[in-house]
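In: Build me a structure from this.
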Amino acid sequence: MTDFLLKNETINFHLEYDCNAVLSDEYKEDLENFIAKIVETPPKRIPHIDFLGFENSIFYDDYQKLF
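Out: Next up, the predicted model:
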């Protein structure tokens with residue numbers, strides 16, 4: 001899935017988590033690693049990813065600038 005989203009040129013993708021959903025630290029780390037890849041090498045279509053606590057990520061500001 002990661003490769004698809006990073007190479008995607010045609011599909012708008014939005015991934016949003018319910019604010020009541022509890023995400024494990026490992027899952028959040030995976031999301032942050034994926035977002036870091038997006039920031040480093042932005043694809044033509046930036047996937048929109050939103051989850052509780054993301055605004056505290058070190059990648060948040062750089063990621064938001066891509067939109």
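In: ok but residue 33 is inside a strand, no?
Out: No. Assessed with DSSP: H, G, I helix; E, B strand; the rest coil, residue 33 is helix; it does not lie in a strand.
In: Quick check: the gap between it and residue 2.
Out: Plainly put, residue 33 is 9 Å away from residue 2 if you go by CB to CB, to the nearest Å. To be clear about C-beta, it is placed using only N, CA and C from the backbone, and glycine gets the same treatment.
In: who touches residue 8 in this structure?
Out: Neighbour list for residue 8: 43-45, 47 [criterion: CB atoms under 8 Å, 6 or more residues apart in numbering].
In: What does the residue lying farthest from the centre of the chain show for phi and psi?
Out: Distance to the chain centre peaks in the chain at residue 20, reaching 18.4 Å (criterion: CA atoms, centre = their mean). Note on residue 20: its backbone torsions stand at phi -90, psi -10 [degrees, to the nearest 10].
In: Just list the residues touching it, thanks.
Out: Applying CB under 8 Å, 6+ apart to residue 20 gives no contacts.
In: same question, residue 54
Out: Going by CB under 8 Å, 6+ apart, residue 54 touches 31, 60.
In: Look up how far residue 64 lies from it.
Out: To residue 64, residue 54 is 10 Å away according to CB to CB.
In: Any stretches of this protein with poor pLDDT?
Out: Across the chain, the ranges flagged by pLDDT under 70 are 1.
In: Using the three-state scheme, assign residue 15.
Out: Classification of residue 15 by three-state DSSP places it in strand.
In: Now do the SS call for the closest residue in space to it that isn't next to it in sequence.
Out: The shortest distance from residue 15 to any non-neighbouring residue, by CB to CB, 6 or more residues apart in numbering, is to residue 49 (4.8 Å). Judged by three-state DSSP, the three-state class of residue 49 is strand.
In: residue contacts, residue 49?
Out: Counted by CB under 8 Å, 6+ apart, residue 49 has contacts 15-16, 31, 34-35, 63.
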